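Asks: Here's my sequence, what's the structure:
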Amino acid sequence: MIAVLYVFSYFVAGIALLLLANGMLATTMEQAGTAPAFLISAALLLFAAGAINLAVRGHERRLRPRERFLLAIAVYLVLPAMACVPVLVAMPEVSFTDAYFEAVSALTTTGWSALPEADLLPKSVLLWRALMQWMGGATILMIVIFILAPSRVGGLPDSQAGPIDYSANVERQRLGFALSRVLPLFAAATSLCFILLAVSGVQLLDAFSLASASLSTSGFTSRTAPIGDYLSDIAIWVVTLFSVLSATSFLWLRRMLRAEPAALSHRESFYVVGTVFVLGIAVAYMLLGSGTASVGASLRDGFSIAASIVSTSGLEARTGGHATLPFALLLTLIFVGGASFSTAGGIKMFRLGAMSVQSMRELVRLVYPHAIRAARFGTQAYNIQTMKAIWSLFFAALVVALIASSALGFAEVPVEQAILGGFGAVSNVAIGLFGEGNQLVRFETLPEITKIVLCLSMAVGRVEVLAAIAVLYLPFWRT
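Replies: Residues are numbered from 1 along each chain as shown. Below is the predicted model of the structure:
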């Protein structure tokens, strides 16, 4: 447990530094009175992180697999409890459950909100929410490279992650190695998106919220209205483009920028881009056939909807645009999500490819019982152990999605929307849910137990489900 506390202290320090930046920026905003809440929280968390780090320094060692999974769960369940404190101080009318739900939703890059509408929130809270979702995007990339890929959770391929599991003897060095592979590209892409949005005429707070949402594939913006109501066509295309890039593997993007030949053989990210393209054309055709928009507007909205679904960002150009697709197709797409080593949620495209390859092999075996056929999806080869892990994760994710759906059903959300919300929680996508009278469901009005179950579902979905189950599996701790 000492090693877990040691590494966790670095995550606490990270969120404390973001709190400090948020508090300093809040002093220049209209509601400067909320700045002390962020500055004091930053000071307390920096003190706590430093105290933990100094107390256990010298006793650090390599994390065991079970301790890695415990660390991942703590990041998404314990860290939000610290991150929500300044919101509680700045907005005393908000309950702890709602503030905690907001922090979990931001750090897991889901994008569901239990606070009042964005237009009514202080700008400092909007900025903090954008910073949290940005940190959530960077954090999931680090956790995948640092924890999940070396442990091959759910059959996750580790071929792209490199030799991180053997790169150092102490966790501080391994964490620094993972950070160096993720943060520079992630920060540069966010900066580029922010600049392009600002140049296109978007206000600075809106531009940063949208840039952090696009790169982390989250759904938090600084306005209540859909992005099509206040963004120009150019700005919508920028958001769409960066959402698609974030749904691909960041390690693949890194190799592409370095012009490494191996990047061309990584099929998964190409399939993600191809899916967005085909789906965008199909949705645009449906919108154009309805006669409510021009060709340009149909293409803009079609690709925006496609990118929001595949990337699990939920940033659609029009309210209810997801309903354009058949329910079964929408459910499948959000459950699959983007590529491995991306900020997108879902079970990931390579697992769908693996299950498809295995299904085809079984069909071929019925005709040619003695045929030998390689199991491969692009450059990723599959053996029986990998397939067992993938099918286990698929089943576990379905169970968690159904539990979350039941919690929404308990809150009297219509059955179809409850199922959509349950799958959205596990896939970390801010899908819009509609209740009675075709009104959007406000999460702050849901029962406390429903919000707690959704928080657990969002966190479990972010750590690939099986890692969370391993933490609760007692024999795993005895070995």
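Asks: ranges for the helices of the stretch 251-400 of the chain?
Replies: 267-289, 295-310, 327-336, 349-367, 384-410 (DSSP state H, counting those that start in this stretch).
Asks: got the angle for the second one vs helix 349-367?
Replies: Orientation check (axes from the mean of the first three to the mean of the last three Cα atoms, to 10 degrees): helix 295-310 against helix 349-367 gives 80 degrees.
Asks: what's the answer for the first one, then?
Replies: Orientation of helix 267-289 against helix 349-367 (the same axes, to 10 degrees) gives an angle of 100 degrees.
Asks: which residues touch F208?
Replies: Shown in contact with F208 (Cβ atoms under 8 Å, 6 or more residues apart in numbering): 127, 130, 194. For every residue, glycine as well, the C-beta is placed using N, CA and C.
Asks: let's see 7 Å
Replies: Counting by Cβ atoms under 7 Å, 6 or more residues apart in numbering, F208 touches 130, 194.
Asks: Could you do L231 as well?
Replies: V202.
Asks: Relative to G409, how far out is it?
Replies: Distance of L231 to G409, given as Cβ to Cβ, to the nearest Å: 35 Å.
Asks: burial of S212, as a residue count?
Replies: For S212, the neighbour count with other Cβ atoms under 10 Å is 28.
Asks: Would you state the strands of the chain in chain order?
Replies: 376-377, 380-381 (DSSP state E).
Asks: In terms of mean pLDDT, which of those ranks lowest?
Replies: Mean pLDDT is lowest for strand 376-377 among the strands of the chain, at a mean of 58.
Asks: For stretch 144-151, what is the spacing between the initial and final residues?
Replies: Using Cα to Cα, to the nearest Å, the end-to-end distance of stretch 144-151 comes out at 10 Å.
Asks: Low-confidence stretches in the stretch 201-350 of the chain?
Replies: Under the criterion pLDDT under 70, the flagged ranges of the stretch 201-350 of the chain are 292, 319-320.
Asks: Please verify my assumption that A430 contacts G111.
Replies: Yes. Counting by Cβ atoms under 7 Å, A430 does reach G111; the two are 3.2 Å apart.
Asks: Now the common contact residues for the two.
Replies: Contacts common to A430 and G111, judged by Cβ under 7 Å, 6+ apart, are 219, 314.
Asks: need the helices of the stretch 251-400 of the chain in JSON lines with mean neighbour count, can you?
Replies: Listed next are the helices of the stretch 251-400 of the chain as JSON lines, based on neighbours: other Cβ atoms under 10 Å:
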{"stretch": "helix 267-289", "mean neighbour count": "18"}
{"stretch": "helix 295-310", "mean neighbour count": "24"}
{"stretch": "helix 327-336", "mean neighbour count": "18"}
{"stretch": "helix 349-367", "mean neighbour count": "16"}
{"stretch": "helix 384-410", "mean neighbour count": "18"}
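Asks: Which one, of these, ends up nearest to L63?
Replies: L63 sits nearest to helix 384-410 of all the helices of the stretch 251-400 of the chain, at 20.1 Å, using Cβ to Cβ.
Asks: quick one: that closest one to chain centroid distance?
Replies: Remark: helix 384-410 is offset 17 Å from the chain centroid, using Cα atoms, centre = their mean, to the nearest Å.
Asks: again, but for stretch 335-355
Replies: For stretch 335-355, the distance to the chain centre is 12 Å (Cα atoms, centre = their mean).
Asks: Could you work out the end-to-end span of it for me?
Replies: End-to-end distance of stretch 335-355: 14 Å, with Cα to Cα as the criterion.
Asks: List the contacts of it.
Replies: Under Cβ under 7 Å, 6+ apart, the answer for stretch 335-355 is 109, 137, 140-141, 144, 155-157, 160, 215-217, 246-251, 268-269, 271-272, 310-312, 334, 377, 380, 382, 387, 390, 393-394, 397, 423, 427-429, 461.
Asks: go on, stretch 180-191?
Replies: Stretch 180-191 is contacted by residues 134, 137-138, 141-142, 145, 211-212, 215, 242, 245, 250, 253-254 when judged by Cβ under 7 Å, 6+ apart.
Asks: if I look at the closest residue in space to A207 that isn't next to it in sequence, how far off is D206?
Replies: Distance criterion Cβ to Cβ, 6 or more residues apart in numbering; nearest residue to A207, sequence neighbours excluded, is L197 at 3.9 Å. Taking Cβ to Cβ as the measure, L197 falls 8 Å from D206.
Asks: Mind jotting down where the helices sit in the stretch 101-250 of the chain?
Replies: 123-143, 149-151, 171-199, 204-216, 233-247, 250-257.
Asks: Serialize those helices to CSV and add fields for distance to V87.
Replies: Formatted as CSV, the helices of the stretch 101-250 of the chain follow (distance: least, Cβ to Cβ, whole Å):
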stretch, distance to V87
helix 123-143, 6
helix 149-151, 33
helix 171-199, 22
helix 204-216, 16
helix 233-247, 25
helix 250-257, 29
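Asks: The one residue sitting closest to the centre of the chain: what's it in contact with?
Replies: What sits nearest the mean C-alpha location of the chain, by Cα atoms, centre = their mean, is T109, with 3.9 Å. Contacts for T109 (Cβ under 7 Å, 6+ apart) come out as 133, 136-137, 140, 216-218, 343, 428.
Asks: Repeat the analysis, applying 8 Å as the threshold.
Replies: Residues near T109 by Cβ under 8 Å, 6+ apart: 133, 136-137, 140, 216-218, 312, 343, 345, 428, 462.
Asks: Name the member of the residues you listed with the shortest distance to L456.
Replies: Closest to L456, out of all of those and judged by Cβ to Cβ, is R462, at 10.9 Å.
Asks: Quick check: closest non-adjacent residue to that closest one.
Replies: Nearest non-adjacent residue to R462 (Cβ to Cβ, 6+ apart): T108, at 4.6 Å.
Asks: now swap in L215 and tell me
Replies: According to Cβ to Cβ, 6+ apart, the nearest residue to L215 is T190 (4.8 Å).
Asks: Next, work out how far apart the one you found and S212 are.
Replies: Separation of T190 from S212 (Cβ to Cβ): 6 Å.
Asks: where does V85 land on pLDDT?
Replies: 90.
Asks: got it, and M355?
Replies: pLDDT, read off for M355, is 81.
Asks: now swap in the one 4 residues further on and tell me
Replies: Here, the pLDDT recorded for S359 equals 76.
Asks: quick one: it from R442, how far?
Replies: 41 Å.
Asks: Could you give the backbone dihedrals for the nearest residue to P447 once chain neighbours are set aside?
Replies: Using Cβ to Cβ, 6+ apart and skipping the chain neighbours, the partner closest in space to P447 is A411 (5.5 Å). Dihedral pair for A411: phi -80, psi 10, per degrees, to the nearest 10.
Asks: Okay, A411 and S405: tell me how far apart.
Replies: According to Cβ to Cβ, A411 stands 11 Å off from S405.
Asks: And for A51?
Replies: For A51, the distance to S405 (Cβ to Cβ) stands at 42 Å.
Asks: I227 too?
Replies: On the measure of Cβ to Cβ, I227 and S405 end up 27 Å apart.
Asks: got it, and L148?
Replies: 25 Å.
Asks: Pull the contacting residues for W237.
Replies: 300, 303.
Asks: Same check on V273?
Replies: 244, 248.
Asks: could you redo the last one with a cut-off of 10 Å?
Replies: 244-245, 247-248, 310, 339 (Cβ atoms under 10 Å, 6 or more residues apart in numbering).
Asks: and the residues you listed as CSV, adding distance to M286?
Replies: As requested, the contacts of V273 are exported to CSV (distance: Cβ to Cβ, whole Å):
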residue, distance to M286
V244, 20
L245, 25
A247, 22
T248, 25
V310, 17
A339, 26
